[in-house]
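Enquirer: Generate coordinates for the sequence data below:
(one chain, ligands or ions: 1)
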Amino acid sequence: MIPMMATNGVLNESVFLRACRGEDTTHTPVWFMRQAGRSLPEYRKVREGIPMLEACRTPDLVCEITLQPVRRHHVDAAVFFSDIVVPLAAVGVDVDIVPGTGPVVAEPIRTMDQVERLRDLTPEDVPYITEAVGLLRRELGGTPLIGFAGAPFTLASYLVEGGPSRTHVQTKALMYGAPEVWHALCERLAAITSTFLSVQIEAGASAVQLFDSWAGALSLADYESFVAPHSRRVLASVADRGVPRIHFGVSTGHLLTAMADAGADVVGVDWRTPLDTAAGLVGGRPLQGNLDPCTLMAPDEVLEREVRRVLAEGAAAPGHVFNLGHGVLPETDPDALTRTVEHVHRHSAR
Ligand SMILES: Cc1c2[nH]c(c1CCC(=O)O)Cc1[nH]c(c(CCC(=O)O)c1C)Cc1[nH]c(c(CCC(=O)O)c1C)Cc1[nH]c(c(C)c1CCC(=O)O)C2
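Expert: Residues are numbered from 1 along each chain as shown. Below you'll find the predicted structure:
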């Protein structure tokens, strides 16, 4: 009992959680979206011959892969190794993650009949998540674990399109052409997502990130009417759990105020919007971001200069969690990530 409480105290005072609450920190915390994954040779080695979704259902493997970037780069937070489609597969959607492509859904969902067959997620559907988070909580000590889920729009885009899409044309066609089907689908997805986040928090996640990666494809008006109510439901469902809620999307410069208003504690920003501009749009909330992932391919002096620029712009917010503007690209040299952590820690030391 006492060691557990001591650990919780240490965790609660971690630089990552302090920054998420907008409190002073000794340095700016840093982690990377997709820090666990293909940029690491030790990841490719343990994943060899194991399909992605099977890996996500194997707690020992999830634990090892989640820990790899923490050991190697000394990041200030771990992000749970899983995928946004894991809860969909858990409720029986025929979905696979195809290497080099992404999630592929066998039967795209476009009718009310299909929506009504999408059942709710219960914690009993994902015992491997509870087990993996529990293992990680013991291994991570004072390092916070970030749980996550896909937001209703981003999940719906895979379900409606049947796979990744550049234009989201089928998704928008459903939204405009059959709004009652669209809203019914998003309501079910919001319920699934809320349960998926709750399971991770219950098992010991210290923060959660809601990924609405593709929301930037929408106008502000469409985001407000077709998407925000559903994301708001998800974020509200975990509001009283005492963990910061990070809300992130790509190309969302025009949506940052709406995404903050949907119920975020911290707003994730991609590299297109400078953090000092973003700070003025999110109602005094802490920010996360936003180094262009391609900067990791640049010479070290350019990388260091860009890190300093992002830190300077991030100082405009009451709290700053350093991250990339989107996930680590698979071709990234892992040493560039380690150097980025060093640059962030050195240049933000107070
Ligand atoms: C849109 C989205 C997906 N998955 C996710 C999102 C939202 C974040 C974002 O915007 O990138 C979320 C995700 N997926 C994965 C994580 C793990 C945690 C992390 O390190 O950030 C997270 C947070 C592992 C993964 N998810 C996936 C991999 C690659 C699987 C492999 O190793 O083959 C990993 C490590 C597969 C995946 N899954 C998805 C895509 C587009 C892909 C890439 C397909 C490919 O290019 O091969 C859907």
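Enquirer: low-confidence ranges in the stretch 201-350 of the chain?
Expert: The stretch 201-350 of the chain contains no residues with pLDDT under 70.
Enquirer: Which single residue of it ends up nearest the ligand?
Expert: S213 (3.1 Å; Cβ to the nearest ligand atom). To be clear about C-beta, it is placed using only N, CA and C from the backbone, and glycine gets the same treatment.
Enquirer: Give me the phi and psi for that residue.
Expert: phi -50, psi -40 (degrees, to the nearest 10).
Enquirer: Return the distance of the residue nearest to D76 when sequence neighbours are not counted relative to the ligand.
Expert: The shortest distance from D76 to any non-neighbouring residue, by Cβ to Cβ, 6 or more residues apart in numbering, is to P29 (3.6 Å). The spacing between P29 and the ligand, counted by Cβ to the nearest ligand atom, to the nearest Å, is 16 Å.
Enquirer: Next one, pLDDT for P29 please.
Expert: Reported pLDDT at P29 in the predicted model: 98.
Enquirer: Return the residues in contact with the nearest residue to P123 once chain neighbours are set aside.
Expert: Distances taken as Cβ to Cβ, 6+ apart place V199 nearest to P123, at 5.0 Å, with adjacent residues excluded. Counting by Cβ atoms under 8 Å, 6 or more residues apart in numbering, V199 makes contact with 123, 126, 129-130, 133.
Enquirer: Can you say which helix or strand has V199 in it?
Expert: Of the helices and strands defined by DSSP states H and E, V199 is found in helix 179-203.
Enquirer: Which neighbouring elements make contact with whichever helix or strand comes after that helix?
Expert: Once helix 179-203 ends, the next helix or strand along the chain (criterion: DSSP H and E) is strand 207-211. Strand 207-211 sits against helix 15-20, strand 145-150, helix 179-203, helix 228-237, strand 245-248, with contacts defined as 3 or more Cβ pairs under 8 Å, 6 or more residues apart in numbering; DSSP states H and E.
Enquirer: Between helix 179-203 and strand 207-211, find me the angle.
Expert: 160 degrees (axes from the mean of the first three to the mean of the last three Cα atoms, to 10 degrees).
Enquirer: Which residues belonging to the helix or strand just after strand 207-211 are considered buried?
Expert: On the C-terminal side of strand 207-211, the nearest following helix or strand under DSSP H and E is helix 220-222. Using 16 or more other Cβ atoms under 10 Å as the test for burial, helix 220-222 gives D222.
Enquirer: do stretch 103-123 as well
Expert: By neighbour count with 16+ other Cβ under 10 Å, stretch 103-123 contains the buried residues 103-105, 108-110, 115, 118, 121.
Enquirer: Same check on stretch 302-316?
Expert: 303-304, 306-307, 310-311, 313-314.
Enquirer: residues in contact with it?
Expert: Here stretch 302-316 has contacts from 28, 274-276, 279-280, 287, 289-292, 295-296, 298, 320, 322, 336, 339-340, 343-344, 347-348, using Cβ under 8 Å, 6+ apart.
Enquirer: Please pick the buried ones from these.
Expert: Buried members of the contacts of stretch 302-316, counted by 16+ other Cβ under 10 Å: 28, 274-275, 279, 287, 289-292, 295-296, 320, 322, 336, 339-340, 343-344, 347-348.
Enquirer: Could you pick out which of those residues are located in helices?
Expert: If you go by DSSP state H, these have 275, 279, 336, 339-340, 343-344, 347-348 in helices.
Enquirer: What parts of the stretch 51-200 of the chain come near the ligand?
Expert: Taking Cβ under 6 Å from any ligand atom as the contact definition, the stretch 51-200 of the chain meets the ligand at 52, 79, 81, 83-84, 97, 99-103, 148, 154.
Enquirer: who's in contact with the closest residue to the ligand within the stretch 51-200 of the chain?
Expert: As assessed by Cβ to the nearest ligand atom, the ligand sits closest to G102 within the stretch 51-200 of the chain, at 3.4 Å. Contacts for G102 (Cβ under 8 Å, 6+ apart) come out as 158, 163-164.
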